[in-house]
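>>> generate a structure from the sequence data that follows.
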Amino acid sequence: MSKLKIMIQLALLLLITAGFSPKDDFSACKEELKKYVNELGKIGVPSGKRVYYMNMTITTDMSSKSRIPDSDVTVRVYMSATKLHYVSDVLSTYQDEENAFAVLPQRKVIVWSNGGKLPDAKSNMEMVTQLQDTLVSLSNVVSCNESVENGRAMKVLTMTPYKKAMDIFKVNKIEYSIDPNAKRIERVKTYYQPGEDIVMRSITYHELDLNYNKTNLAKSVYHEIFNASGKLLDKYKGYQVIDNRN
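Numbering: from 1, shown residues only. Model prediction:
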């Protein structure tokens, strides 16, 4: 069992055995949110030639004491049964069963590693979903309001975890934005406790397509980096390649 799974299970055990389940007046909003969280746990590795696509923006506000600057990164994820592409301006990774590449454009570096089978996405998603579901269940919904964003009706839930969850995750409150027409979570904002390096982290899910047909990820990830002659593609001219393969 991976360290991540052990850490998540221990956190869940501490939360569940705390013997405290807060009550609030927004049970319908909370149940709606839990339904959408649980839907994410059903996503596994694509079968056959199917490709999954996700487009999201991760915004991080850092505290004034942190040496790490604020960031706003848009990420595109493409996934097939044997390949995974994670593409952003800061870091891009390409993996299949033979090779794995990490591209760092700001440093003009490409790290080349051994590939392998993709992680058990369904198992990992189930673990994350279980954690999210527990946090939702054992938190107070302090508000559940309707709003309009870019002409779309939205529902915004603000939740405060109870004290033990706050102590474990260093979180003050979590804000979920739900698109009730699309029946999905649009955005999650997490606000951290004073003294933490991160003040707020927001993940906005722009698009999730589980039957993406604009690419089939047919070619080897090797050819995402090198041409047929084994030379770097023009867009990577001048990059240093660090070969970490066994």
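
>>> can you tell me the SS state at residue 176?
strand (DSSP: H, G, I helix; E, B strand; the rest coil).

>>> when you give positions from now on, start the count at 25
Will do, 25 is the new start, and the previous item becomes residue 200.

>>> hey, what's it bridged with?
Taking DSSP bridges as the rule, residue 200 bridges to residue 181, residue 212.

>>> that one touches residue 212, doesn't it?
Yes. Assessed by Cβ atoms under 8 Å, residue 200 is found in contact with residue 212 at 5.7 Å. The C-beta positions use only the backbone N, C-alpha and C, and glycine is treated the same way.

>>> quick one, which of these two is more surrounded?
Legend: neighbour count by other Cβ atoms under 10 Å for residue 200 and residue 212, higher for residue 200 (24 against 16).

>>> the residue nearest to residue 89 when sequence neighbours are not counted: how many residues sit nearby?
Nearest non-adjacent residue to residue 89, counting by Cβ to Cβ, 6 or more residues apart in numbering: residue 221, 7.5 Å away. Look at residue 221: counted by other Cβ under 10 Å, it has 13 neighbours.

>>> give the buried residues for stretch 67-74.
For stretch 67-74, a neighbour-count test (16 or more other Cβ atoms under 10 Å) marks 67, 69, 70 as buried.

>>> that should have said stretch 117-131, apologies.
Buried residues in stretch 117-131, counted by 16+ other Cβ under 10 Å: 117, 118, 119, 120, 123, 124, 125, 126, 127.

>>> again with stretch 186-199
For stretch 186-199, by 16+ other Cβ under 10 Å, it's 186, 188, 189, 190, 193, 195, 196, 197, 198, 199.

>>> so residue 227 is in which element?
Taking DSSP states H and E as the criterion, residue 227 maps to strand 222-233.

>>> picking that back up, which among the buried residues of stretch 67-74 gets closest to residue 50?
Comparing the buried residues of stretch 67-74 against residue 50 with Cβ to Cβ places residue 67 closest, at 26.8 Å.

>>> thought the closest one was touching residue 234?
Yes. Using Cβ under 8 Å, residue 67 is in contact with residue 234, at 7.2 Å.

>>> tell me where this structure has helices.
Applying DSSP state H to the chain gives helices spanning 27-40, 51-64, 145-161, 187-193.

>>> check contacts around the spatially most central residue of the chain.
When Cα atoms, centre = their mean is applied to the chain, the residue found nearest the centroid is residue 227 (7.5 Å). Residue 227 sits next to 80, 81, 82, 83, 211, 212 when contact means Cβ atoms under 8 Å, 6 or more residues apart in numbering.

>>> ok so, going back, what do residue 67 and residue 234 both touch?
Here residue 67 and residue 234 share the contacting residues residue 76, scored by Cβ under 8 Å, 6+ apart.

>>> so what's residue 177 scoring on pLDDT?
Per-residue confidence (pLDDT) for residue 177: 92.

>>> oh, that last question was meant for residue 51, not what I typed.
Looking at residue 51, its pLDDT stands at 83.

>>> can you tell me how far it sits from residue 199?
Separation of residue 51 from residue 199 (Cβ to Cβ, to the nearest Å) stands at 18 Å.

>>> thought residue 71 was touching residue 103?
No. Applying Cβ under 8 Å, one finds residue 71 not in contact with residue 103, separated by 11.5 Å.

>>> quickly list what residue 222 is bridged to.
Bridge pairing for residue 222 (DSSP bridges) gives the partners residue 86.

>>> and the closest residue to residue 220 other than its chain neighbours, what is it in contact with?
What sits nearest to residue 220 in space, not counting adjacent residues and going by Cβ to Cβ, 6+ apart, is residue 194, at 5.3 Å. By Cβ under 8 Å, 6+ apart, residue 194 lies in contact with 216, 217, 220.
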